[in-house]
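Colleague: have a look; sequence and predicted model below, questions after that.
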Amino acid sequence: MARATGLREMWQALPLERFTSRENYIWFVVATVCIGAFMAALDASIVNVALPDLTTYFHASASMVSWVLIAYLLTLATLLTLFGRLADMLGRRPLYTFGFLVFIIGSAACGAAVNLPMLIVSRVFQAAGAAMLQANSVAIITAAVPASVRGRAIGFQGSAQAIGLSLGPAIGGALVGLFGWRAIFYVNVPVGLLGTTMAAMILPKDKLSGHKATFDWWGTLLMTPFLVLVMLGLTEGNSWGWSSPAILGMFAAAALLLIGFIFRELSFRAPLVDMRLFKIPVFSVGNFTGLLSYLAMFGVLFLMPFFFERVLNYSSAVSGLILTAVPLGMTVAAPKSGALADRYGPRLLTTSGMALTGLASLLLAWTLSLKPNVTMMVIELILIGAGLGIFTPPNNSSVMGSLPSSRLGVGGGILNMARSLGMAMGTALSGTMLAVFLIANGGVESPGGPKGPWIPATRYALFLLVALSLLAALLSVFRVTQKKSPAEKMPLEW
């Protein structure tokens, strides 16, 4: 009891005055938040290059191993809103600090996993910690930083996310090549401990509103199994049989859950997903095309490590370095696109961005061979990322600019959810298409099989991503031009 009292008094004494009394204290807060933003984004992309190694180590198919990614992304999608609401009730500093601890424990458990189910469950735990970090990062900055420099501070946070996403393949490839796949999870532990310490010592105390926050528990309980069943049906349909009772039952149950979810959201006063916002055409088109854009990106990031490592016999380090071309192109193009959007509006940029991604993916598909021009492939990957970078800022701006100021928080949550779902769906669909076409061409997923079937299998899977990218471009052509509103000028995460 005395020990608990002592810990409580110690916690209440934080943050330390040596930090809060400094003139540049707010930038210590921003730096702390950036560590969490960087780590959460890094772990969304660091695993891709390790997937071929995981299939070998666990003697599993690519579709089964894809759940190492899907579990993380689905957990993020379903828990972001929950932890945003809990932070309003419990305080952002304790939840953010606890998020680091959960992330550390989940990362250590991933590194120690002895089988694939244990790794997937550990990734869910890790993603829960990441959701606590992501759900509170912008809110912590908004509360701590004066309006005069708030845009710059949120820009740093967005840059930390972009850098984490960009460096994931390269860092993951280097760690897998040097130390094995477990290292991509263990590396989070020391960085997470640093983040935990900084969060406890530096983040400001919360000023809770005192009102009881309402959360849509039933909405969460309906949406989560719906997403899991859809993804499980997509990834296992090829191995279990698309017409098997298990797969048909999954899709039937998912349909019932979706119907229940929609009715719940339309009737609840504080819904998890405000379905009424989808009556706004710009909001609906922007979220759907945004989902398709991240589906295309993560589809490419899922497929290409298998091609580089199984067909070309590249190491994980080389594969990861090449894959960095996609987020690199995105990072370079996004700031320029954001500036151009203010001048020309979102329609031209969103359409041309997704068209560029689709055409570059088509070129990549035709470049595949047993002895491809790797320089050309790198250029094509850069163009894929550049197209996504051209598309994303004006799309996010138009989505948020279509909303009344009172619905910006809810709309931003839906936009983040669409992004995570797109990433998960890109992984699931690409894994399924790869398995279907590999078997159709007489190939096997295990290493040591013939290399030839991997080329048409990867090519046809890329064709699906091409079609979805061009669909996003086509929908963007009919995007309604919206007058600028204050919301459009807000700094936006991408």
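Modeller: Nice, I can see it. Numbering: from 1, shown residues only.

Colleague: surely residue 290 touches residue 399?
Modeller: Yes - with contact defined as Cβ atoms under 8 Å, residue 290 counts as touching residue 399 (7.2 Å). Every residue, glycine included, has its C-beta placed from N, CA and C.

Colleague: shared neighbours, the two?
Modeller: Jointly contacting residue 290 and residue 399 under the rule Cβ atoms under 8 Å, 6 or more residues apart in numbering are residue 415.

Colleague: between those two, which is the more surrounded one?
Modeller: A direct count of neighbours by other Cβ atoms under 10 Å for residue 290 and residue 399 places residue 399 higher, at 29 against 25.

Colleague: what helix or strand is that one located in?
Modeller: helix 374-401 (DSSP states H and E).

Colleague: return the set of buried residues in that helix.
Modeller: Judged by neighbour count using 16 or more other Cβ atoms under 10 Å, the buried positions of helix 374-401 are 377-401.

Colleague: skipping adjacent residues, who's closest to residue 251 in space?
Modeller: Of all residues not flanking residue 251 in the chain, residue 233 sits nearest, at 5.3 Å (Cβ to Cβ, 6 or more residues apart in numbering).

Colleague: run the chain-centre distance for whichever strand or helix holds that neighbour.
Modeller: Assigned by DSSP H and E, residue 233 falls within helix 217-240. Computed by Cα atoms, centre = their mean, to the nearest Å, the separation of helix 217-240 from the middle of its chain amounts to 18 Å.

Colleague: who touches that helix?
Modeller: Contact partners of helix 217-240, identified using Cβ under 8 Å, 6+ apart, comprise 61, 63-64, 66-67, 70, 74, 77-78, 81-82, 246-247, 250-251, 253-254, 257-258, 260-261, 264-265, 268, 271-273, 421, 424-425, 428-429, 431-432, 435-436, 439.

Colleague: which of these fall in helices?
Modeller: If you go by DSSP state H, these have 63-64, 67, 70, 74, 77-78, 81-82, 246-247, 250-251, 253-254, 257-258, 260-261, 264-265, 421, 424-425, 428-429, 431-432, 435-436, 439 in helices.

Colleague: do you know how far the residue positioned nearest the centre of the chain is from residue 413?
Modeller: By Cα atoms, centre = their mean, the chain has its centre lying nearest to residue 420, at 4.4 Å. Remark: distance between residue 420 and residue 413 (Cβ to Cβ, to the nearest Å) = 11 Å.

Colleague: quick one: low-confidence residue ranges for the stretch 101-250 of the chain.
Modeller: Low-confidence segments of the stretch 101-250 of the chain, defined by pLDDT under 70: 151, 206-213.

Colleague: what of the stretch 301-450 of the chain?
Modeller: Judged by pLDDT under 70, the stretch 301-450 of the chain has its weakly predicted residues at 405-406, 408-409, 445-448.

Colleague: mind listing what's buried in the helix or strand harbouring residue 351?
Modeller: Using DSSP H and E, residue 351 sits within helix 346-367. Using 16+ other Cβ under 10 Å as the test for burial, helix 346-367 gives 346-365.

Colleague: next one: stretch 149-169
Modeller: For stretch 149-169, burial by neighbour count (16+ other Cβ under 10 Å) applies to 150, 153-158, 160-169.

Colleague: list of residues touching that stretch?
Modeller: Residues from elsewhere that reach stretch 149-169 (Cβ under 8 Å, 6+ apart): 26-27, 30, 33-35, 37-49, 137-138, 141-142, 145, 301, 319-321, 323-324, 326-328, 330-331, 334, 491-494.

Colleague: of the residues you listed, select the buried ones using a PyMOL command.
Modeller: Restricted to buried positions by 16+ other Cβ under 10 Å, the PyMOL selection for the contacts of stretch 149-169 reads:
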select buried, resi 26+27+30+33+34+35+37+38+39+40+41+42+43+44+45+46+47+48+49+137+138+141+145+301+319+320+321+323+324+326+327+328+330+331+334+491+492+493+494
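
Colleague: give me the distance between residue 41 and residue 360.
Modeller: From residue 41 over to residue 360 the distance is 23 Å, taken as Cβ to Cβ.

Colleague: quick one, what contacts the residue nearest to residue 204 when sequence neighbours are not counted?
Modeller: Distances taken as Cβ to Cβ, 6+ apart place residue 144 nearest to residue 204, at 5.2 Å, with adjacent residues excluded. Counting by Cβ under 8 Å, 6+ apart, residue 144 touches 26, 29, 203-204.
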